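1. Provide a 3D model corresponding to the input given below.
(chains A and B)
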Amino acid sequence: GAVVSQHPSRVICKSGTSVKIECRSLDFQATTMFWYRQFPKQSLMLMATSNEGSKATYEQGVEKDKFLINHASLTLSTLTVTSAHPEDSSFYICSASRDSKSPLHFGNGTRLTVT
Amino acid sequence: AQKVTQAQTEISVVEKEDVTLDCVYETRDTTYYLFWYKQPPSGELVFLIRRNSFDEQNEISGRYSWNFQKSTSSFNFTITASQVVDSAVYFCALLNNAGNMLTFGGGTRLMVKP
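-> As a prediction, this is how the structure comes out:
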């Protein structure tokens, strides 16, 4: 069964609104979770590394104020796309692992469509 | 800095053919981890294999096999007797020793035709 749960799987929102995506590790604690973005027919691009209890580390070119990441507990990280625009439409995926020696598990992804 | 290159963007084969997906990586770490993931049309990522850099033993799992060559920094993936259900995008990825940087290759879209 899934060890990382991502919700929602699909979301359609209007331009200017905010959308929150949740990533939960179901049977393990993850001090670090990763958020990726995937455009159609392209590779996964790391957006940010989410660290429990501290600020997320964002990759170059990713707007911190637009993609808010909160890792409030060892089993939950959230990504909020603020003031969404059509160009934010994409497939967002999170991943987590117990530690660096364990496999990374991915959520099933969230397909965001901004109209 | 680390980098993963999957030179084949698309491969098309006929069912029952064998196919090899190439993966070449660059890293300064002496210890690192390599992965292969499958992404079917539905979008989710399916974990296939994880390999430590200090374990060069090749691995076989059913129709899947992996050839890890540290000397050439390659971690190739072979599907034997391909099936239509193998059609997907396959990603090779590299995780650094600290476990905080996962870099994906560009992916290889495999199309298996009946």
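2. pairing partners for the residue positioned nearest the centre of chain A in the sheet, please.
-> For chain A, the residue nearest the mean C-alpha position is A:Trp35 (3.8 Å; C-alpha atoms, centre = their mean). With DSSP bridges as the criterion, A:Trp35 is bridged to A:Ala48, A:Cys94.
3. report the separation between it and A:Ser97.
-> 14 Å (C-beta to C-beta, to the nearest Å). For glycine as for every other residue, the C-beta is placed from the backbone atoms N, C-alpha and C.
4. could you look up the SS state of the closest residue to chain A within chain B?
-> Proximity of chain B to chain A (C-beta to the nearest C-beta) peaks at B:Gly99, 2.5 Å away. Under DSSP: H, G, I helix; E, B strand; the rest coil, the three-state class of B:Gly99 is coil.
5. correct me if wrong: it contacts A:Asp99.
-> Yes: using C-beta atoms under 8 Å, B:Gly99 is in contact with A:Asp99, at 6.7 Å.
6. near chain A, which residues of chain B are found?
-> Contact residues, chain B versus chain A (C-beta under 8 Å from any C-beta of the partner chain): B:33, B:35, B:37, B:43-45, B:47, B:50, B:91, B:95, B:97-107, B:109.
7. quick one, which of those are buried?
-> B:33, B:35, B:37, B:43-45, B:50, B:91, B:95, B:99, B:101-107, B:109 (16 or more other C-beta atoms under 10 Å in any protein chain shown).
8. restricted to helices, list those residues.
-> Of those, none are assigned to helices by DSSP state H.
9. parallel or antiparallel, list what pairs with the lowest-mean-pLDDT helix or strand in chain A.
-> Here the helix or strand of chain A ranked lowest by mean pLDDT, DSSP states H and E is strand A:105-106, holding a mean of 86. Sheet pairing of strand A:105-106 (DSSP bridges) gives strand A:90-96 (antiparallel).
10. just the strands in the chain please.
-> Looking at chain A here, since you left the chain open. Shown for chain A, the strands assigned by DSSP state E span residues A:4-7, A:10-13, A:19-25, A:32-38, A:44-51, A:57-58, A:67-73, A:76-81, A:90-96, A:105-106, A:110-114.
11. switch to chain B, that's the one I care about
-> B:3-5, B:10-14, B:19-21, B:24-26, B:33-39, B:46-52, B:59-61, B:64-69, B:74-79, B:88-95, B:102-104, B:108-113.
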